[in-house]
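# the sequence isn't on hand, but the structure is:
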């Protein structure tokens with residue numbers, strides 16, 4: 001009889017423990033769901049929640065884009081026109097020094113910032129499409145107002161060299177790269193072949209056009225256009 005009571009008590013304890021474990025797991029799942037939900041909407045700067053619960057979790061206001069009602073975000077107050085807020089419905093869309101881009105007002109004129117409405121930028125930056133960039137760098141527009149250079153590395157004849165091609169600074173003169181527009185067209189040890197720079201002068205490479213056509217070795221000579 002005593003053994004039977006012990007067995008019953010043990011079974012009851014096992015049932016209670018398993019029930020608590022399920023409650024803890026459920027609580028953990030709910031907590032994780034709440035974090036996932038909060039990371040998608042309802043927090044400062046994020047879109048307002050629409051499906052259930054409050055639009056903004058911590059009592060902030062739900063700000064609606066006056067130009068596109070589908071766009072929203074949570075903020076302490078809905079004041080538009082300043083940087084990182086929605087653009088106003090009427091002109092001026094943004095405060096002075098900012099422009100309206102992709103529904104938001106953004107600071108303009110600086111490096112990697114949007115260009116001003118008239119296409120200008122601050123300082124030495126130039127407008128490249130939508131954004132201001134530093135002129136003269138590889139891949140960026142050539143410098144138009146600089147007296148000394150259009151591209152910052154245009155005089156690095158045997159290094160990383162750039163030149164202005166159709167108002168863009170591009171690398172040139174290196175192996176398998178485009179020839180530069182002015183002499184020397186290619187770096188030392190390279191041959192200008194149909195506007196492409198190829199390595200030359202070593203064994204089984206094209207002969208260089210310079211005085212010693214195979215400078216890679218005294219034992220090489222130019223034969224049929226190749227150093228052998």
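The structure has been received and is ready for your questions. Just so we're clear, the structure is a prediction, and the values are computed from it rather than from any experiment. Numbering: from 1, shown residues only.
# how many neighbours does residue 42 have?
Using other C-beta atoms under 10 Å, the number of residues around residue 42 comes to 21. Bear in mind the C-beta positions are built from the backbone N, C-alpha and C, glycine included.
# so how far is residue 71 from it?
Using C-beta to C-beta, to the nearest Å, residue 42 is found at 15 Å from residue 71.
# before we move on, what about residue 163?
44 Å.
# for these two, indicate the residue with more neighbours.
Neighbour totals were compared for residue 163 and residue 71, and residue 163 leads with 21 against 16 (other C-beta under 10 Å).
# does that one really touch residue 172, like I thought?
Yes. Using C-beta atoms under 8 Å, residue 163 is in contact with residue 172, at 5.0 Å.
# now for those two: what residues contact both?
By C-beta atoms under 8 Å, 6 or more residues apart in numbering, residue 163 and residue 172 have these common neighbours: 180, 181.
# how much space separates the residue nearest to the spatial centre of the chain from residue 131?
In the chain, the C-alpha closest to the average C-alpha coordinate belongs to residue 112, at a distance of 10.1 Å (C-alpha atoms, centre = their mean). In this structure, residue 112 and residue 131 are 6 Å apart, going by C-beta to C-beta.
# who touches stretch 50-70?
Contact partners of stretch 50-70, identified using C-beta under 8 Å, 6+ apart, comprise 38, 41-44, 48-49, 71-78, 80, 85-89, 103.
# just the ones in strands from those, please.
With strands defined by DSSP state E, the entries of the contacts of stretch 50-70 inside them are 72, 73, 74, 75.
# the last one: what's it in contact with?
Translated: residue 75. Neighbour list for residue 75: 44, 45, 60, 61, 63, 85 [criterion: C-beta under 8 Å, 6+ apart].
# from these, which two are the most distant?
Spatial extent of the contacts of residue 75 (C-beta to C-beta) is set by the pair 60 and 85 at 13.4 Å.
# any low-confidence regions in the chain?
1-39, 145-147, 210-212 (pLDDT under 70).
# which residue ranges of it form strands?
In the chain, the segments counted as strands under DSSP E are 61-64, 72-75, 98-101, 104-107, 125-128, 131-134, 162-165, 168-171, 190-193, 196-199, 222-223, 226-227.
# what about those strands, which gets the closest to residue 207?
Minimum separation from residue 207 across those (C-beta to C-beta) falls at strand 222-223, 3.8 Å.
# list the contacts of the closest one.
Counting by C-beta under 8 Å, 6+ apart, 207, 213, 214 sit against strand 222-223.
# mind checking which of these land in helices?
Among the contacts of strand 222-223, the subset assigned to helices under DSSP state H is empty.
# Throw those into a markdown table and include distance to residue 98, thanks.
Listed next are those as a markdown table, based on distance: C-beta to C-beta, whole Å:
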| residue | distance to residue 98 |
| --- | --- |
| 207 | 60 |
| 213 | 61 |
| 214 | 62 |
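# please convert those to JSON lines, extending it with neighbour count and distance to residue 153.
Listed next are the contacts of strand 222-223 as JSON lines, based on neighbours: other C-beta atoms under 10 Å; distance: C-beta to C-beta, whole Å:
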{"residue": "207", "neighbour count": "21", "distance to residue 153": "28"}
{"residue": "213", "neighbour count": "18", "distance to residue 153": "29"}
{"residue": "214", "neighbour count": "22", "distance to residue 153": "29"}
